[in-house]
Each structure stands twice: as C-alpha cells, then as structure tokens.
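S.K.: Predicted coordinates and the sequence they were generated for:
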Amino acid sequence: MNFIPLTDADRQTMLQAIGVTSIEDLFADVPSQHRFPTLDLPPALAELDLQQHIADLAGRNLNLAEYACFLGAGAYNHYIPPVVNHLIMRGEFYTAYTPYQPEVSQGTLTAIYEYQTMICQLTGMEVTNASMYDGSTALAEACLMAARITRRDKLVLARTIHPEYREVVRTYTQSLDLPSETIPYAASGRVDLDALAKLVDGQTACVAVQYPNFFGVVEDLAPIVDIAHKAGALVIVNADPIALGLLRAPGEFDVDIVVGEGQSISLPPYFGGPYLGLFATQMKHVRQLPGRVIGQTTDHDGRRAFVMTLQAREQHIRREKATSNICTNEALVALAATVYLASMGKTGLKRAAELSYHRAHYAAAEIARLPGYSLPFDGPFFKEFAVRTPAPVAEINQRLLGHKILGGYDLGQTYPELANTALLAVTEMNSRAQIDRLVGALQG
Amino acid sequence: MLTHETISEKIIEPLLFEMSTPGHNAGRLPAYLDVPAADLPQELQRADLPLPDMSEVQVVRHFTRLSQLNFSVDTHFYPLGSCTMKYNPKVNDWAAALTGFTHIHPYQPEATAQGALEMLYQLQYILGEIAGLPHVTLQPSAGAHGELTGLLVIMGYHRSRGDSKRTRVLVPDSAHGTNPATAAMCGCTVTHIPTDSRGNLDYDILQREMDDTVAAIMLTNPNTLGLFEERILEVTTLVHERGGLVYCDGANMNAVLGIARPGDLGCDVLHYNLHKTFTVPHGGGGPGAGGTAVRDTLAPFLPAPLVARRDGPHGPEYYLDYDRPQSIGRVRAFYGNFGNAVRGYSYLRSMGAPGVREVSENAVLNANYIRVNLADAFDLPYDRVCKHEAVFSGRRQARLGVRTLDIAKRLIDYGIHPPTVYFPLIVEEALMIEPTETETLETLDHFVATMKRIAREAEETPELVKEAPHTTPISRPDDVAAARKPVVRWQAGG
C-alpha cells in the first residue's frame, strides 16, 4: 500500500521541467558511498494483510473491556463518553497543524481557549497553558519554572509523588545543578509535616506534592503551603482532575503551580500514552510559563478572535532563553478533555468523582475485613488505597487474572518497606458486582 | 467554511460558557448508588465547581461548527515547510482505535501485553534500521522531547568518561529554535555557526569553534534551507576527531528515507518525529511521538525501560528492560505516546523498504518541481537542487510593500494553507514550501499558478494582498493587543 498519487507519466513531465533525467539525479549531493543503502525492513503489506496483522497484535493484549480493572497508579479506567472520540476524530481538528495562522485555525484556537478556561475552573488557578506531554513532564517543567522564579536551586519533593514522576524530575534536572530532596510520609500516608519543616530552607525553590497522593491519600494542603511559603518556596501540586470534581481545588489553598495528568478526563489508558499534561499557575507568573498559551483579541473588524499569544517565552522566538524547548504538545488530547468536560458537565464530573469515592470506600472496607488483609494508612483517601496482603502481590494478581480481574499495583516494587502491599484503584467503572467479585477472589 | 455573511456581527461562535444551561444533567452516569454511602468530610469538599452544563446536541454542534473554522490536511493543501503535512492514512487510525490497544494498562503484566510489546519492539527495530543507529527509545513524546533525550544521552556519555568540561553545543544559525532551547535545558551554552554562501554550515568557522569544550553539534540534514549538507562527512569527521558527538535533528527525515542513513553519515543520535515523517496526524499541535535512535556506544545511556526480546518456552517473549545502570533515567512516565507508535508502525508496515524510499524520492521531486516553476516569480537565495522543501525569499515583493506575511494570507483566499514564513531566520522574508509526496501534479500546478498570480497581484493590486485574507471567518487579529493585556480564560461578566 502506498499513498503517493503521482503516476510515472507525471514523474517524467516533472523531471523534464526540472531539467534532470532521473530522480536519482536529485540526490547527487549525497555522498555516493552512502547513497541508496539497502534497508532490511519487513516487506510492504497490502491494506488487507496489514489489518489482519495489526488485529492479531491487538488481540494478544488483555483489554480492560473484558476484565474488571482495579489497577491505577497514574493511568485510570474512567468513563469517556463516545461523543469525545467522535468529535476529536473530525479531520478538520485531527489533521490540522499548530494554529500559527489564526484566520484558518479559529476552531482549534477557540477550543483550546475553552480548555484553558475549564482547567482554570477545575484547579482554581488563573492561567493554564495549552498542554504539556503528560503529568510527569508537567511536574518536571513546574520544578524548573519554580527555580527560575525563586532563583533558588533546591527542589523538595514528597515521596508520595508517583515514583516515575520523581524520576522524570531527576532526569530533567541532572545537568542543571538542581539537587532534590525527598519528604517522607507519616503513618497516615500523608506528607510528614515535621520532616517537611526541617527540609525546607532559604535555598528551597519549591515543595511539590501530589493530590491525592500516590497512595490515594488526600494531602492536607494548608499546612504544606504554610511551611513552604514561610520559607519563600513555591508550592507545586500534582492533582488528579477527576478528584477535583469533588475535592477542594488547589487554588483555594493559594498554591503556586498546579500540574496533573489529564488522561482520566480525555482518553482510555492506551498503554501509557498519548496523555495530557495539565499546567496551571497564577497570572503573576505567566511570563515564566512553559508552552503555548491561547489568548483572546479582536480582528481588524472588531470581531472576537483567538490567537497564540505571549510567544516571546517560546523556543521559536527566544531560542536558548526560552522558558522550555517544548513545541508540539498534546493539543488533540486537550481537545478531548474539553469535549469531555463539556459533555460530562459540572453534574457529570461530580458524579464520576462521587461514584469513585463511595465505591472505593466500600471496596476498602470489604477487603479490610478479609483475614490477612489490612489498610496500612489511616489518612482520608479518594479512589485509590493501599492494602497489605497475606501473600506477594504478584502471586495474588496472577490468581485474580483467572477471575478476569486485573489486580492492583505492587507497591513493594518502588517502596521496599511496602512489600506485600497492593495499591487498588476503584472508579465509576467498577460496579458493586465487580467489587464483590474482587473481594470473593481475594478471599479464595 | 463559514463566511462573513453567515456569522453574527462580533462573535463567530459563542463559547461553551455562553451556552451553558446550569443544572442540566445529561444522565451519563447512574444517579443511584449501589454501595453504602461513605462518610465524606465536609472540609475535603469544594464548595463550587464552576464548569458548564450542556446537552449533547449543543456540544456536538458547537465543536462541529468550530471544526469547520479550521484548514486541515483532510480539507486543504498544506505546504507548511519543516512540518511535513502529508496525508494521514486512515488505516492507521483504525489500528490505533482497536480495543486491544486503547484499553490496555501500562502496568498490566508483560505476559498480558505481548502484542503491544512486540509492536513496540518491531518499531524500535525499523526506526533503528532507517537511521543506521540501531538502539531506539520510544519514550519521547514529540521532536523537542526527543532532542532533550538525545542531548541528555550525549551529556551522560561525556560524564561517564569524566569529560566534564564539554558544556558547549554548536548550533547552525539555520536551526529550529528547539535546538538551542534544548541545549539550555541540558545546562549547555550555545555557539551559533553561520551558513555559507551555498547554504551549507560554514566549515571554516566550525573548524575554529570545534574544541574540547564542545559536547555536540546539533545538525539538521537536509538543513532548514531544504539543502543537503554538501560537506557532511567532513563535518562529522572533524567533530569526532575533536571528541564531540553529532546530534541530528530528524525533522527533515522525509527527504532521506532509504536515500542516506544518518548513522552512515557520522551522526551519533537522531530523533524522529513520527507525526511528520510517519503520518501521525498533527492534531492541531500534538500529540506527536519522537523516538530517539543512537549508535552502540551511546546505548547504555538511553532512558529505561527499552522493549527487549528473549527466548521463552513457547517462542520469543517481549519484555521491558529496566536493567540499564548507566541510563539517564526516564524522560516521561510509562513508555511514550503508544497510540501514535501504533499509527507509525501501521504506516511503516504498509510501506516496506522500497516504499519508504519512494516517499523521499517523490517528496524531493515535488519540492524541486515547485522550485523551478516559481524561480522566476520569487527570489531563490540558494539556487541549487533542494531536498524535500524549497525556501524562497519574498524580498522582491517586499520592495513593492507587500510582505511575505501578506502573500501567506492571500494564499488562504485561494484555499491553500500558507507555507512556513520568516523561517529559517537567515533568509530575508522567507517562504518555506514543503509539498510532501502525497499531492497530485494538479495540486502542485494549481499552487504554482496561484503563487504566480499573487506575485502579479503584488505588482498590480498590492492592497488586495496586504488586506488578505478576505474569505475567512475573521480578518487579521490584533496580536499586539493580545500580548499586551493577556486575556487567557473566559470569566463571567468579563
């Protein structure tokens, strides 16, 4: 299968116009010893054969449509209305480029302006960018931004932030002389406030926490903000947007930057991507914001119009002095989140959060009653919770697969002190019947 | 497309917030609770959630109307230089929409995701083979992210050798802005290398600047003038002789698939843009996907995990290899933009080796056809055979008072998306035209005729061009006002 519409006759006409005899002549400037290498690639497939091959690959994966999923840990199985996919797949959105030409991009620009507005509404912040790659890179960029704003070089990160997110922060800062320290957690599963107070000092650029945290526990943001701000450090909160349908917005606590993973309000888990990095802050920091921003203006005739704005922060203008190197972002996923939030609405998003909350608490209570199972943390949780298990988590999960259940994340992999501890996620997708099936399977 | 006649006076489409019917409940989720209600402390709950409430028909009409305000590859010719806006085959989207790809969890056991892992493994291989750089990570989410990955790998390599004085990066003055911005994120300073009169990197200046403080040179080949670096082998040899490494920006790979392998030419690292070269749709700005390929010596520094293969009792098994002690670490959570890896893989399996070479041959043929046909109407600052794009200068028209921006806007009136303008920075009034291989001869001829017509208009009726576009839902917006007093969200009564 190829997608080249020219015919041989067309090519002859064109070669004549150019004044060469063959296509090879157009490559005379390529060193001859390296020109036209033999590539050892799998043979071309006709579209029919391709579809069969691809369907076979897809068919060899366990999929969440057929299993009850209690696995989360940063990638969640939430309800996405069919209207989302329908609208984002419109070619006019899907096959457009970055809206640098506003006269022929008002569709994308308006939608992203709506996205920015709704992420501000959800987080309680004043300005958001048009998206980052994912939650982890948004967190890393937030740390860099905090260091720029405060002109300080120490990062303080809660140990209850997703372990892979903390690793990405380390990767992004490894050549920049920005050491980071980790805040331990208390018996509640929340940030240890005493330890935090000792770690924060006059060199601290930011204190970063997750809300709810990696264990599902809802951090108490007020004392964290208090400790950080007294030392002149900024506060970064990595928030779950579904939880914000119910929980107090980080903006209510006067935090400085809110980041988050927008997957749960846009797309299915997709084996880890494409995802959506949320990034919000206060207007006073807008000129340090990484990434694209859409703003409102008027056209030559006074009509309301939307444009990419504040581009003097960006790499194509500012080059090595830019706030980030990001160019391509996750615009279509941001559009998906916009359609999701519009079609779920205030009422629907709150309901998704409530169902997740109540079902997670039902599941936790039922599991905690089983012999050998207990809940290690006593802090308030939202949709995820840790469970001590009577056997290795991998062993239990293997057994659950036989019941068509995808079990929880093995916390012992990344927190050695939490061996035999599973992190279970419950959302509005998990009916009581599914939960009862899980409890039964854990027991048996 | 909406026109001025069909829209209200000042607002072409109301915002969601202006259409909200508060309290409307679409009833998507059950209203009943099938479990006992748990205690929900008041102090945890937000008082208000200020999102709109809408019916589905309102949502569908709103976004459908919005979509109709866009130009796109599915609707218009889109010769946007440096962006490779080629046709996006629909079978790739069919593939990426299969439940066995969309509804799989990144942490489900490897044994239950063998199809996904095999696909990633094969894609790593194919991208490595095309680059001539056999070790590939698919974690990077876009081109700039791939650059960051590649340059961190280079810095990791120098660090591992105790060569800590290498903190300069050489960047040609024709480079994409992401190159110097990436260097800064890696803690490096940037030295700009000028372009010579033939459109090549200035080799004499490179010789002067290339010393033992240079970590890498960031090359784009063909460069952003659309020209193949004629002294590429001398450049890469010189950099290597003096202990530096060669980073290659893969934004222009559509010109050299099966034509030349960057690894054979002496590049050590290459990033791909699957959303340019391998037909992943641009989505209005993303998501992309940007695999990074490196040669053997740099493989230990790639982000963990890579997808690897081993022999199992029932044949090959695919797994995530985390055992990479010298790795720079992850550049994002999970394994990259998997859905776009599916699209790129689907495309590459349609093409095969002869197919990818035909892509580049035809992309280059189309660009040269435009180059020779417009050479009379527009200035061509570097007049030699180009690769996948042709860069003109609008300076002749600028002398008549018609700027390149005006020409770009006038193209819109004729139903063609503007080329990239004012880039590369070294060309005055630059017009960067990349037709790609997926256009018909009729489309190319129509484009040529339209450009010539606009060149005539610039002479005969310049005001018509300077006030363009005339056919779009909005006329030119006021960018200065937008930046001076930023309005970046809707507010009630605002």
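M.R.: Arrived safely, thanks for sending. Residues are numbered from 1 along each chain as shown, chains lettered A, B, ... in the order given.

S.K.: mind giving me the domain split of chain B?
M.R.: Here the domain parsing of chain B from automatic domain parsing is B:91-351, B:354-480.

S.K.: hey, which of the ones you listed is tucked in deepest?
M.R.: domain B:91-351 (a mean of 22; mean count of other C-beta atoms under 10 Å in any protein chain shown). Where C-beta positions appear, they are placed from N, C-alpha and C, glycine not excepted.

S.K.: That one spans what distance, first to last residue?
M.R.: End-to-end span of domain B:91-351 (C-alpha to C-alpha, to the nearest Å): 13 Å.

S.K.: Go ahead and confirm residue B:475 touches residue A:106.
M.R.: No: between residue B:475 and residue A:106 there is no contact under C-beta atoms under 8 Å: 11.5 Å.

S.K.: quick check, residue A:122 in a helix?
M.R.: Yes: under DSSP: H, G, I helix; E, B strand; the rest coil, residue A:122 falls within a helix.

S.K.: Surely it and residue A:244 touch.
M.R.: Yes: counting by C-beta under 8 Å, residue A:122 does reach residue A:244; the two are 4.9 Å apart.

S.K.: Domain-wise, how is chain A divided?
M.R.: Annotated domains of chain A cover A:68-80+A:346-443, A:82-339 [automatic domain parsing].

S.K.: if we compare those domains, which one ends up closest to residue A:14?
M.R.: domain A:82-339 (25.5 Å; C-beta to C-beta).

S.K.: In three-state terms, label residue B:491 for me.
M.R.: Using three-state DSSP, the structure places residue B:491 in coil.

S.K.: Enumerate every residue touching it.
M.R.: Applying C-beta atoms under 8 Å, 6 or more residues apart in numbering or on different chains, we find residue B:491 in contact with no residue.

S.K.: Tell me the confidence at it?
M.R.: With respect to pLDDT, residue B:491 has a value of 95.

S.K.: how near is it to residue B:81?
M.R.: Distance, residue B:491 to residue B:81, by C-beta to C-beta, to the nearest Å: 38 Å.

S.K.: One more: residue A:210?
M.R.: With C-beta to C-beta as the criterion, residue A:210 and residue B:81 are 42 Å apart.

S.K.: Of the domains of chain A, which is nearest residue B:136?
M.R.: domain A:82-339 (16.2 Å).

S.K.: roughly how far is that closest one from the heart of the chain?
M.R.: Chain-centre distance of domain A:82-339: 9 Å, with C-alpha atoms, centre = their mean, to the nearest Å.

S.K.: Equivalent analysis for stretch B:458-474, please.
M.R.: Its chain's average C-alpha position is 30 Å from that of stretch B:458-474, according to C-alpha atoms, centre = their mean.

S.K.: Also stretch B:280-295?
M.R.: For stretch B:280-295, the distance to the chain centre is 6 Å (C-alpha atoms, centre = their mean).

S.K.: Could you check that stretch against chain A for contacts?
M.R.: Yes: using C-beta under 8 Å from any C-beta of the partner chain, stretch B:280-295 comes into contact with chain A via B:281, B:282, B:283, B:284, B:285, B:286, B:287, B:288.

S.K.: Which single one of those residues is nearest to residue A:410?
M.R.: For the residues of stretch B:280-295 next to chain A, the nearest to residue A:410 is residue B:287 (28.9 Å; C-beta to C-beta).

S.K.: okay, now the nearest residue to the closest one once chain neighbours are set aside: neighbour count?
M.R.: The spatial neighbour of residue B:287 that comes closest, neighbours along the chain excluded (C-beta to C-beta, 6 or more residues apart in numbering or on different chains), is residue A:274 at 3.7 Å. Residue A:274: 28 surrounding residues under other C-beta atoms under 10 Å in any protein chain shown.

S.K.: same thing with residue B:26?
M.R.: 17.

S.K.: ok, now which ones touch it?
M.R.: Residue B:26 neighbours (C-beta under 8 Å, 6+ apart): A:343, A:344, A:345, A:347, A:348, B:54, B:55, B:56.

S.K.: Distance of it relative to residue B:66?
M.R.: Note on residue B:26: its distance to residue B:66, by C-beta to C-beta, is 20 Å.

S.K.: Spell out the residue ranges of the strands in the chain.
M.R.: Defaulting to chain A. Listed in chain order, the strands of chain A (DSSP state E) span A:68-69, A:127-128, A:154-158, A:180-183, A:204-211, A:234-239, A:257-261, A:277-281, A:293-298, A:304-309, A:384-388, A:405-406, A:409-410, A:421-425.

S.K.: Chain B was what I was after
M.R.: B:135-137, B:168-172, B:189-193, B:214-220, B:245-249, B:269-271, B:292-294, B:306-312, B:315-321, B:390-393, B:420-421, B:430-433.

S.K.: Now render the ones you listed as JSON lines, adding mean pLDDT and distance to residue A:77.
M.R.: As requested, the strands of chain B are exported to JSON lines (pLDDT from 0 to 100; distance: least, C-beta to C-beta, whole Å):
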{"stretch": "strand B:135-137", "mean pLDDT": "98", "distance to residue A:77": "27"}
{"stretch": "strand B:168-172", "mean pLDDT": "98", "distance to residue A:77": "43"}
{"stretch": "strand B:189-193", "mean pLDDT": "97", "distance to residue A:77": "44"}
{"stretch": "strand B:214-220", "mean pLDDT": "98", "distance to residue A:77": "41"}
{"stretch": "strand B:245-249", "mean pLDDT": "98", "distance to residue A:77": "38"}
{"stretch": "strand B:269-271", "mean pLDDT": "98", "distance to residue A:77": "32"}
{"stretch": "strand B:292-294", "mean pLDDT": "98", "distance to residue A:77": "30"}
{"stretch": "strand B:306-312", "mean pLDDT": "97", "distance to residue A:77": "23"}
{"stretch": "strand B:315-321", "mean pLDDT": "97", "distance to residue A:77": "21"}
{"stretch": "strand B:390-393", "mean pLDDT": "98", "distance to residue A:77": "48"}
{"stretch": "strand B:420-421", "mean pLDDT": "97", "distance to residue A:77": "41"}
{"stretch": "strand B:430-433", "mean pLDDT": "98", "distance to residue A:77": "44"}
